[in-house]
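>>> After the sequence you'll find the predicted model.
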Amino acid sequence: MNDVLFAAIAILALLILLAGVRLTLGPTIPDRVVAFDTINTIIVASMILMAAYFGQTIFVDVALVYALLSFLGTLAIAKYIGGEL
Amino acid sequence: MTLTTAATLCIAIGIIFNALGVIGILRFPDVYTRLHAETKMATFGTIFLAIGVILYAAGLLADTGDSQYLTLATHTILVVIAIAFTNATGAHAIARAAHKSGQLPDPAVVDRLQEVKKRD
């Protein structure tokens, strides 16, 4: 089971790099926000997997706080793009 | 043993759906279709990864009876609830902001939101 968790974390790290391609290229600002949101979601998933891999339950609490704070960041950028801030 | 197999299956499904989401934001033509790929696939994939970790913790709890695996499972359920609510709301906010900043879908045939705004 540990090998499965390690392989999943490695694939998620590769996916973060691929989403970073869109974050760098993205022709418009909303495209970059979409890529940023993807990276945040995948980081939360990899933190949950790391909690199981290392046996440290505290990682899940960090993932919970990260998910809520990244949601606030996405909302703030979206309000700024829409001209409501 | 069966719980470990089910956890491996759920983690495989989650990885596949996360990969589909990332391929979607790389290949789709405009911001609305990219948002469609990202928010559905990444949310579904992350929820399945979390379900896999919950099953893994349940298997270890049944084997060892250690209470830290119970903590792992319950806190992962909290993360699933947070992800399910915040990702949908964030995707809605991004789509609305993209429309307000003047972006239209790639072949824009009809724009109902603009018509409603004009009528008001």
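Looks like it came in fine.
>>> From chain B, how far off is A:Thr36?
Quick fix: residue A:36 is Phe, not Thr. 10 Å (Cβ to the nearest Cβ, to the nearest Å). Yep, even glycine has a C-beta here, placed from its N, CA and C like the rest.
>>> Now that residue: which helix or strand?
helix A:29-54 (DSSP states H and E).
>>> And that helix, what does it pack against?
Counting contacts by 3 or more Cβ pairs under 8 Å, 6 or more residues apart in numbering or on different chains; DSSP states H and E, helix A:29-54 packs against helix A:2-25, helix A:58-81, helix B:2-27, helix B:31-64, helix B:67-100.
>>> Quick one: mean pLDDT for that helix?
The average pLDDT within helix A:29-54 is 91.
>>> so it versus helix A:2-25, what angle?
On the basis of axes from the mean of the first three to the mean of the last three Cα atoms, to 10 degrees, helix A:29-54 is oriented at 160 degrees to helix A:2-25.
>>> Could you check stretch B:56-74 against chain A for contacts?
Yes. Stretch B:56-74 lies within reach of chain A by Cβ under 8 Å from any Cβ of the partner chain, at B:56-57, B:68, B:71-72.
>>> Lowest pLDDT pick from those residues?
Within the set of those, pLDDT is lowest for B:Gln68 (85).
>>> how about the nearest residue to residue 19, chain neighbours excluded?
I'll assume chain A. Distances taken as Cβ to Cβ, 6 or more residues apart in numbering or on different chains place A:Thr38 nearest to A:Ala19, at 4.6 Å, with adjacent residues excluded.
>>> not what I meant, chain B
In space, B:Ala19 is closest to A:Leu15, 6.1 Å off (Cβ to Cβ, 6+ apart).
>>> what's the burial count for A:Thr74?
A count of nearby residues for A:Thr74, using other Cβ atoms under 10 Å in any protein chain shown, gives 23.
>>> Can you give me every residue that contacts the nearest residue to it once chain neighbours are set aside?
In space, and not counting its chain neighbours, A:Thr74 is closest to B:Gly90: 4.3 Å by Cβ to Cβ, 6+ apart. Taking Cβ atoms under 8 Å, 6 or more residues apart in numbering or on different chains, we find B:Gly90 in contact with A:37, A:71, A:74-75, A:78, B:39.
>>> and if we set it to 10 Å?
A:33-34, A:37, A:40-41, A:70-75, A:77-78, B:35, B:39, B:43 (Cβ atoms under 10 Å, 6 or more residues apart in numbering or on different chains).
>>> Point out the most buried one among the helices and strands packed on helix A:29-54.
Most buried of the helices and strands packed on helix A:29-54, by mean neighbour count (mean count of other Cβ atoms under 10 Å in any protein chain shown): helix B:31-64, with a mean of 22.
>>> Touching, A:Ile43 and A:Tyr66? I think so.
Yes. Contact criterion Cβ atoms under 10 Å: A:Ile43 and A:Tyr66 qualify, at 6.8 Å.
>>> does the worst-scoring helix or strand of chain B on mean pLDDT come close to chain A?
Sorting the helices and strands of chain B by mean pLDDT, DSSP states H and E puts helix B:112-119 at the bottom, at a mean of 79. No. Helix B:112-119 is not in contact with chain A by Cβ under 10 Å from any Cβ of the partner chain; minimum separation 12.5 Å.
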